[in-house]
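Enquirer: Structure of the sequence below:
(one chain, ligands or ions: 1)
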Amino acid sequence: MLEVEPSSQIEEPPLSRSAEDLKEFVSAGQGRWADLPASQWQDWRWQLQNRITSYEQLEGLAPNLAPEERAGALAASRKLAMSITPYFFNLIDFKDPGCPIRRQVIPRVEETQSAPGELTDPCDEDSHSPVPGLVHGYPDRVLMLVTDRCASYCRYCTRSRLVGRAPTESFESRLDQQIDYISRTPAVRDVLLSGGDPLLLNDQKLESILERLRAIRHVEFLRIGTRVPIFLPQRITKELCAILRRFHPLFISIHSNHPRELTVEARTALERLADAGIPLGNQSVLLRGVNDNPDVMKAHVQKLLMCRVRPYYLYQCDPVHGTAHLRTSVNTGLQIMRSLRGHTTGYAVPAYVIDAPGGGGKVPICEDSVLSWTTDRILIRNYEGRIFEYRQLPSHKPGSHQ
Ligand code: SF4
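Expert: Numbering: from 1, shown residues only. Alright, predicted model coming up:
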């Protein structure tokens, strides 16, 4: 077993592409799998069956791994499994040790270390779970964990305690309990399917879950959280879209962190979903050496709009065990937000949030734009730092329209 000491001082990796390059939509191509028939490469099941999951496979495909990555890949099975689709693997630039794609999916030895404040279940989902695999944290909405599988595993995953493990109980029986809970809880009007990745379920299974939820009268709104359009865009087939469009209103939140993830293939998948009438939002996680840079983030949010995806949340990375090397400061997040607000399309500006450790829910993090107020005036600061006064009606009472 290769032992590597993690460095205590984490260097800021350089920006590995120019801001202009990051705006380009480039195909991932078949790369190392160039000899494979295109029909097989496009088959999402082939992509899943041929994921890179072992140290030996990784070493065979990427002989110039860093010692920290070798040790990380060897240790991965003890924590969060390694798994990378061939499609996403082709996006890694192995000539670049700081490649932002590489940092998200190749394990590193630092994952075996714990830093102060790190937790196994940072959002305290487990204690808000009335039945197995269902989280009821907010009054009118629930989160259903419908699978523990993802197309690839993100090294900073908040649910690393759950995903990619040998299942200890059948998701089938959990599903019955979850749907039963929702049907006898009239306060629940919004259901988010997540996991793991719900779009890894086969069409019939997914359709059956959506049908059962739509049969519950008080369930108004359905959402799916998925990273499949980014890790496995081949899965977004016309057949899948034909199923999804039957269950409107249905929204999808994707998870993309860096402009290089938005390839020609990902854009095609996202356009297919948008053409099925599905509103698309994106949730990014702020990650050191991946997107903690104003130029990268601006290129990313603008490119998302070009894929018809509205940047929705930018998450401060949750303090999960073994993620210190990927986390950055809240101050960096605020600097990035300052570089976006007023400097690009309002639709491109996500809400920057911390999912409060201990189960407090998402808390927006913003710098004060309201400097002071009295009964009749408010002092506000705009994106350029200029100060303005807004006069409000002193007699105005909430709810009065005079
Ligand atoms: S896709 Fe989501 S659930 Fe799966 S490993 Fe990544 S962050 Fe975790």
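
Enquirer: Of all the residues in the stretch 1-150 of the chain, which one is nearest the ligand?
Expert: Nearest residue of the stretch 1-150 of the chain to the ligand, counting by Cβ to the nearest ligand atom: Cys150, 3.2 Å away. Where C-beta positions appear, they are placed from N, C-alpha and C, glycine not excepted.

Enquirer: Can you tell me the SS state at that residue?
Expert: Classification of Cys150 by DSSP: H, G, I helix; E, B strand; the rest coil places it in coil.

Enquirer: Contacts only, for the closest residue to it other than its chain neighbours.
Expert: Nearest non-adjacent residue to Cys150, counting by Cβ to Cβ, 6 or more residues apart in numbering: Asp197, 4.6 Å away. With contacts defined as Cβ atoms under 8 Å, 6 or more residues apart in numbering, the neighbours of Asp197 are 147, 149-151, 226-228.

Enquirer: if you set the cut-off to 6 Å instead, what comes out?
Expert: For Asp197, the contacting residues are 150, 226, 228, by Cβ atoms under 6 Å, 6 or more residues apart in numbering.

Enquirer: The last one: neighbouring residues, count only.
Expert: Number of residues near Val228 (other Cβ atoms under 10 Å) recorded here: 25.

Enquirer: Kindly report the same for the second one.
Expert: By the criterion of other Cβ under 10 Å, Thr226 has 26 neighbours.

Enquirer: hang on, it packs against Gly196?
Expert: No. When contacts are counted by Cβ atoms under 6 Å, Thr226 is not listed as touching Gly196 (9.8 Å).

Enquirer: So for the residue nearest to the spatial centre of the chain, what's the nearest residue that isn't a sequence neighbour?
Expert: Nearest residue to the geometric centre of the chain (Cα atoms, centre = their mean): His255, 3.1 Å. Using Cβ to Cβ, 6+ apart and skipping residues adjacent in sequence, the residue nearest His255 is Arg227, 4.3 Å away.

Enquirer: try Val285
Expert: Sequence neighbours aside, Tyr315 is the residue nearest to Val285 in space, at 4.8 Å (criterion: Cβ to Cβ, 6+ apart).

Enquirer: For that neighbour, list each beta-bridge partner.
Expert: Val285, Val353 (DSSP bridges).

Enquirer: how close does it sit to the ligand?
Expert: 10 Å (Cβ to the nearest ligand atom, to the nearest Å).

Enquirer: wait, the residue nearest to the centre of the chain sits on Gly225?
Expert: No. Taking contacts as Cβ under 6 Å, His255 lies outside contact range of Gly225: 7.3 Å.

Enquirer: what stretches of the stretch 151-300 of the chain score poorly on pLDDT?
Expert: Across the stretch 151-300 of the chain, the stretches falling below the confidence threshold (pLDDT under 70) are 166-169.

Enquirer: tell me which parts of it are close to the ligand?
Expert: Proximity of the stretch 151-300 of the chain to the ligand, by Cβ under 6 Å from any ligand atom, involves residues 153-154, 157, 159, 163, 195-197, 227, 255.

Enquirer: does the ligand sit close to stretch 104-112?
Expert: No. Using Cβ under 6 Å from any ligand atom, we find that stretch 104-112 stays clear of the ligand, coming within 8.5 Å at best.

Enquirer: now what about that stretch, what contacts it?
Expert: 4, 6, 68-69, 71-73, 75-76, 79, 82, 84, 152, 154, 322, 325.

Enquirer: Narrow those to those in helices?
Expert: Counting by DSSP state H, the members of the contacts of stretch 104-112 that fall within helices are 68-69, 71-73, 75.

Enquirer: Can I get the residues you listed in JSON lines including neighbour count?
Expert: Supplementary listing: those in JSON lines, determined by neighbours: other Cβ atoms under 10 Å:
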{"residue": "Glu68", "neighbour count": "21"}
{"residue": "Glu69", "neighbour count": "22"}
{"residue": "Ala71", "neighbour count": "24"}
{"residue": "Gly72", "neighbour count": "27"}
{"residue": "Ala73", "neighbour count": "25"}
{"residue": "Ala75", "neighbour count": "19"}
